[in-house]
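Chemist: Coordinates for the following, if possible.
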Amino acid sequence: MNLQTLFEPKTMAVIGVSLTNDRHPANVIFNKNNLRSKARVFPVNDRGGTYQGEKVFGDIREVPEKVDLAVIATRAEVVPKIMGDCIEAGVKGAVLISGGFAEVGRKDLQDRLVAMAREANFPFVGPNCIGVYSPPHADTFFIPSERIVRPEQGKVAIVSQSGGILVDYMIKFAEEGVGLSRAVSIGNKALIRELDLLTYFSEDPETGVIVFYVEGFLKNEGRDFVLAASKIPKPVIVLKSGKTPGGSRAVSSHTASMAGDYSVFSSVMAQYGIVEAKDESELISFAEALSCYPEPIEGRLGIITGSGGHGALAMDACQIQGLSVPTLIEQDQLELRNAVSPRIQGISSFANPVDLTGSAVDDDFVSAAKVLSKKKVFDCLLLLVLPYTPGITSDLGARLSQIYAQDGMPLIAYIPHVDKYGMFIEGFQLNQVPVAHSIEEAVHMAEGLRRHQPC
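Modeler: Numbering: from 1, shown residues only. Next comes the predicted model:
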């Protein structure tokens, strides 16, 4: 099935638009997209009429243009007929917002939709979902414009069974400065499933990292997913729910999924180099780091800090994660000592972590990073930047971020995330260096780069 029109429709029909209730999901979707997206949007309601000065068509077959994408937000009982009308009208795909299918025991109704779609080669997302967010082409989320938080355009695509979880991640991505390419809520995933979207996004030029929130798979589907993910060059990140008996029951009641044996799935992911996020915090950190650095690392870290305490905490966090922090040989330590300002040569520590002390200035951090980035003993540098030390300026982030462009060694920065230090953070992020707001998060980012180990 061709999924492109689900993400880049030129024309879209929203079926179920109410003439009296502006808060109806179909109305929200129509209003968000009409005159605001690239797609030409048509409202459809079996009663016809007008809405917001627009003609409302009584049937999808009455729409005067060929429709690429139909968004269906009606009662479950009438969805099979509407889908049949869409197929007859030559619509190329659909998003089924409607609930009331397998998640409430109506698997028979859902199976009818699947049978129709397969016979007609008609792709659809859902049902029981909020659908597709694919700016600037389409946004089928029934969240009003004033309430949705939109991350910047970027390289990360997210696929989630849960619409609410998906929206939460969009908010957190926006907070952390992680750019989004596409977002898909697949709900009951009756037809289009994770494996289909993995295949699509593996070839999508707008997407560099693919993130999945997964509740459950069909029998053997999880293994097929992992095997397919291991063969594509893009990083794939998976957060799995249903890890406990209680979580499994919650998953089943939410989208009628079977959670399966989590321990087996987790071990298979690790075996094939799929990046498993154990929790939400790891997922956000991994997505940010891998969107900047898609190549894997072995996990040998150099640490540059202006505070010995921060360096010690980073060392502990690295060892807990199983990342190595190699000690520099005496010759390399001497090279570092000679590279920094004479005023800190006698008070700094150069073994690794490299503690430049609170007396360091911008040039000291840059000089130390240039030396370490050329050392083959490391494959990633942690830069623990404390903006409140008097000798550094807001230019430091931009200056340090140029080192990756010159030498190719990934850099991960830690800066406390408060508005006062925004200019420090922007200097890194504008040059695609990920910035963590805790030492543990910075180490998680490095761990994400290490977990991405394609077969």
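Chemist: what sits against Lys240?
Modeler: The contact partners of Lys240, by CB atoms under 8 Å, 6 or more residues apart in numbering, come to Val214, Glu215, Tyr262, Phe265, Ser266, Glu276. C-beta here means a position set from N, CA and C on the backbone, and glycine is covered the same way.
Chemist: switch to 7 Å and redo it
Modeler: Residues near Lys240 by CB atoms under 7 Å, 6 or more residues apart in numbering: Val214, Tyr262, Phe265.
Chemist: Give me the domain ranges for the protein.
Modeler: 1-125, 149-292, 295-451 (automatic domain parsing).
Chemist: any chance of the ones you listed in a markdown table, plus distance to Pro135?
Modeler: Output for those, formatted as a markdown table (distance: least, CB to CB, whole Å):
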| stretch | distance to Pro135 |
| --- | --- |
| domain 1-125 | 8 |
| domain 149-292 | 7 |
| domain 295-451 | 20 |
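Chemist: any chance of these in CSV, with mean pLDDT and distance to Gly131 too?
Modeler: Shown next, in CSV, are these (pLDDT from 0 to 100; distance: least, CB to CB, whole Å):
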stretch, mean pLDDT, distance to Gly131
domain 1-125, 96, 4
domain 149-292, 89, 6
domain 295-451, 95, 28
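Chemist: Verify the contact between Ala229 and Val236 for me.
Modeler: Yes. Using CB atoms under 7 Å, Ala229 is in contact with Val236, at 4.3 Å.
Chemist: Identify the contacts common to these two.
Modeler: Common neighbours of Ala229 and Val236 are listed as Ile274 (criterion: CB under 7 Å, 6+ apart).
Chemist: residue ranges for the helices of the stretch 251-400 of the chain, please.
Modeler: Taking DSSP state H, counting those that start in this stretch, the helices of the stretch 251-400 of the chain run over residues 262-271, 280-292, 308-321, 330-339, 342-345, 362-372, 396-407.
Chemist: which secondary structure elements does the longest one contact?
Modeler: Right, helix 308-321. strand 301-305, strand 380-384, helix 439-451 (3 or more CB pairs under 7 Å, 6 or more residues apart in numbering; DSSP states H and E).
Chemist: Give me the neighbour count for the residue lying closest to Cys380 once chain neighbours are set aside.
Modeler: Spatially, and ignoring its direct neighbours in sequence, Cys380 is nearest to Pro410 (4.7 Å; CB to CB, 6 or more residues apart in numbering). Using other CB atoms under 10 Å, Pro410 is surrounded by 22 other residues.
Chemist: which residues touch Pro410?
Modeler: Contacts of Pro410 (CB under 7 Å, 6+ apart): Tyr293, Ile297, Cys380, Tyr404, Leu449.
Chemist: Likewise for Asp362?
Modeler: Ile392, Thr393, Asp395, Leu396, Arg399.
Chemist: how much space between the third one and Met423?
Modeler: Per CB to CB, to the nearest Å, Asp395 is found 9 Å from Met423.
Chemist: hmm, back to that, just flag the most distant two among the contacts of Asp362.
Modeler: Ile392 and Arg399 (10.1 Å; CB to CB).
Chemist: Which of those two has more residues huddled nearby?
Modeler: Ile392 (22 against 16).
Chemist: Hmm, the more buried one is touching Val361, no?
Modeler: Yes. The pair Ile392 and Val361 passes the contact test of CB under 7 Å, sitting 6.3 Å apart.
Chemist: sorry, back to before: tell me which of the helices of the stretch 251-400 of the chain sits most buried.
Modeler: Among the helices of the stretch 251-400 of the chain, the stretch with the highest mean neighbour count (mean count of other CB atoms under 10 Å) is helix 280-292, at a mean of 24.
Chemist: quick check: angle from that helix to strand 380-384?
Modeler: If you take axes from the mean of the first three to the mean of the last three CA atoms, to 10 degrees, helix 280-292 sits at 120 degrees to strand 380-384.
Chemist: outside of helix 280-292, which residues touch it?
Modeler: For helix 280-292, the external contacting residues (CB under 7 Å, 6+ apart) are 154-156, 172, 176, 178-179, 208-209, 211, 235, 237, 239, 275, 277, 412, 432-434, 436, 441, 444-445, 448-449, 452.
Chemist: centre of the chain versus that helix, how much separation?
Modeler: Remark: helix 280-292 is offset 8 Å from the chain centroid, using CA atoms, centre = their mean, to the nearest Å.
Chemist: rewinding a little: with distance to Leu191 added, can I get the contacts of Pro410 in CSV?
Modeler: Shown next, in CSV, are those (distance: CB to CB, whole Å):
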residue, distance to Leu191
Tyr293, 35
Ile297, 38
Cys380, 41
Tyr404, 42
Leu449, 35
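Chemist: By neighbour count, which of those wins?
Modeler: Leu449 (27 neighbours).
Chemist: which residues does Glu54 form a beta bridge with?
Modeler: Beta-bridge partners recorded for Glu54 (DSSP bridges): Tyr51.
Chemist: Apologies, that question was intended for Leu301.
Modeler: Cys380.
Chemist: Now distance to Phe350 too, for the contacts of Asp362, in JSON lines please.
Modeler: Converted to JSON lines, the contacts of Asp362 look like this (distance: CB to CB, whole Å):
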{"residue": "Ile392", "distance to Phe350": "19"}
{"residue": "Thr393", "distance to Phe350": "23"}
{"residue": "Asp395", "distance to Phe350": "24"}
{"residue": "Leu396", "distance to Phe350": "20"}
{"residue": "Arg399", "distance to Phe350": "21"}
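Chemist: In contact with Phe225: list those residues for me.
Modeler: Glu194, Leu195, Leu198, Phe217.
Chemist: Identify the nearest residue to Val17 in space, disregarding sequence-adjacent positions?
Modeler: Nearest to Val17 is Pro43, by CB to CB, 6+ apart, at 4.1 Å.
Chemist: Repeat that for Ser438.
Modeler: Once flanking residues are discounted, Ser438 sits nearest to Tyr414: 7.2 Å by CB to CB, 6+ apart.
Chemist: can you give me phi and psi for that neighbour?
Modeler: Main-chain torsions, Tyr414, degrees, to the nearest 10: phi -110, psi 130.
Chemist: Look up how far Val443 lies from it.
Modeler: 9 Å.
Chemist: same deal with Val214?
Modeler: Taken as CB to CB, the span from Val214 to Val443 is 25 Å.
Chemist: which of these two has more neighbours?
Modeler: Taking neighbours as other CB under 10 Å, Val214 and Val443 compare with Val443 leading, 27 against 24.
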